[in-house]
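Trainee: give me coordinates for this.
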Amino acid sequence: NTSLLFPDLSGSAAAAAAFSATSAAAAAGQKKRVTVRLASKDDYATWKRLWSGYLTFYKHELADEVTDETWRRLLDPANDAQHCLLAVADDGRVMGFAIYLLHPSTWSVTPYCYLEDLYVAEGTRGSGAGRALIEEIYRRAEEGGWGRVYWCTDDDNYRARTLYDKLAKNARIIQYR
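Mentor: Residues are numbered from 1 along each chain as shown. Okay, here's the model as predicted:
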């Protein structure tokens, strides 16, 4: 089973409250400063190493052409729907990434944001990188007027779910394929 998380950000007051609460929690509990920024073409080797770790974590293999096309789309200036954020430590190390996409919804006049991929390297988990990535997406949702941010994870991904349960509501929806 997969858990889906649907924080409802319809209405700027709700979005602001969600973002403010998570920002305050991050400031109180974060061990190191984590900077979040958009990926650039110079990040390819680092992103590919993290991407490989992500695929290994989920026991999944992809053809190189899929990985290469994913990277191309993430950096394509004509693609305004899909983006890659990187979490960077004070020393410049890239600790993780979040790939999200914006899409229209039949349930809202504002776009929804699907956080499709989130990964923090094994040795840097617990550093605040995952929280910082999600909070940056919430900040962008607030700024962009997006109606919802949502994502899914494996139901046995307990470490990540511990963080997710602090930042969002588990919608108790089962995903079928």
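
Trainee: where does the chain have its least confident helix or strand?
Mentor: The helix or strand of the chain with the poorest confidence is helix 12-29; it has a mean of 41 (mean pLDDT, DSSP states H and E).

Trainee: quick one: strands adjacent to whichever helix or strand comes after that helix?
Mentor: With elements assigned by DSSP states H and E, the helix or strand that comes after helix 12-29 is strand 34-38. Strand 34-38 has its sheet partners listed here by DSSP bridges as strand 82-89 (antiparallel).

Trainee: and Trp107, what is it in contact with?
Mentor: By CB atoms under 8 Å, 6 or more residues apart in numbering, Trp107 lies in contact with Gly147. Yep, even glycine has a C-beta here, placed from its N, CA and C like the rest.

Trainee: measure it to Arg148 for me?
Mentor: Distance of Trp107 to Arg148, given as CB to CB, to the nearest Å: 8 Å.

Trainee: check Glu61 too.
Mentor: According to CB to CB, Glu61 stands 31 Å off from Arg148.

Trainee: pLDDT weak spots in the protein?
Mentor: 1-32 (pLDDT under 70).

Trainee: for it, which segments are assigned as strands?
Mentor: In the chain, the strands defined using DSSP state E lie at 2-5, 34-38, 82-89, 94-105, 108-120, 148-154.

Trainee: and Leu115, how many neighbours?
Mentor: If you count neighbours by other CB atoms under 10 Å, Leu115 ends up with 20.
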